[in-house]
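Peer 1: mind folding the following:
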Amino acid sequence: MKLDPDQLEARLMTHGVYVTELDVDEGRIDIEYESIAAGKTNAVPHREVGRVINVVRDLAETPRDVHGSVTDLDDEAVGRWRAEAEWLRALEDEELSEVDFSQRVIETIDES
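Peer 2: Residues are numbered from 1 along each chain as shown. This is a model prediction of the structure:
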């Protein structure tokens with residue numbers, strides 16, 4: 001199944017994630033989004049990052065690098081994170097546990 005950007009945006013919106021910019025190609029997904037939760041804590045919400053990744057995993061036909069940029073509802077930068085395609089493949093192949101995968105992603109968070 002080919003990744004449908006409209007479907008991705010709609011699914012993320014149900015989680016309180018509002019896509020403001022999306023760039024999808026064969027090897028990478030760049031997603032900038034507003035987060036309700038980020039505005040309350042001024043930090044990148046870890047659970048929300050997990051939700052974004054899970055929606056991408058559900059909709060993408062093959063693992064790709066995923067780069068996220070998070071803003072609050074006032075469009076103020078909160079932070080960035082990434083998930084490497086290699087980690088997603090290892091997770092799919094059960095060569096990497098969910099906990100280890102999550103830890104790798106959390107370690108990439110760079111808060112503004």
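
Peer 1: output the lowest mean pLDDT helix or strand found in the protein.
Peer 2: helix 36-41 (a mean of 82; mean pLDDT, DSSP states H and E).

Peer 1: mind listing what's buried in that helix?
Peer 2: The neighbour-count check on helix 36-41 (16 or more other CB atoms under 10 Å) flags A37, A38 as buried. C-beta: built from backbone N, CA, C; applies to glycine.

Peer 1: distance of the residue in the chain sticking out farthest from the centre relative to A85?
Peer 2: For the chain, the largest distance from the centre (CA atoms, centre = their mean) belongs to E95, which lies 20.9 Å off. Distance, E95 to A85, using CB to CB, to the nearest Å: 14 Å.

Peer 1: likewise for N42?
Peer 2: 30 Å.

Peer 1: what about those two, which has more around it?
Peer 2: Neighbours per residue (other CB atoms under 10 Å) separate N42 from A85, with A85 holding more: 16 against 12.

Peer 1: who touches the more buried one in this structure?
Peer 2: Taking CB atoms under 8 Å, 6 or more residues apart in numbering, we find A85 in contact with G27, R28, P63, R64, D65.

Peer 1: what confidence value was assigned to it?
Peer 2: Per-residue confidence at A85 stands at 97 (pLDDT).

Peer 1: and what of M1?
Peer 2: pLDDT, M1: 50.

Peer 1: hmm, who's touching the helix ranked longest in the chain?
Peer 2: Under DSSP state H, the helix in the chain containing the largest number of residues is helix 46-59. For helix 46-59, contacts defined as CB under 8 Å, 6+ apart pick out 1, 3-4, 7-8, 11-12, 15-17, 29, 31, 33, 35, 37-38, 63-64, 66, 68, 70, 81, 83, 88, 102, 105-106, 109.

Peer 1: take those and keep only those in helices.
Peer 2: Short answer: these in helices (DSSP H) are Q7, L8, R11, L12, A37, A38, L88, S102, V105, I106.

Peer 1: so V24 makes contact with P5?
Peer 2: Yes - under the criterion of CB atoms under 8 Å, V24 makes contact with P5 at 6.0 Å.

Peer 1: okay, the two: which has more neighbours?
Peer 2: It is V24, of V24 and P5, that has more neighbours when counted by other CB under 10 Å, with 17 against 14.
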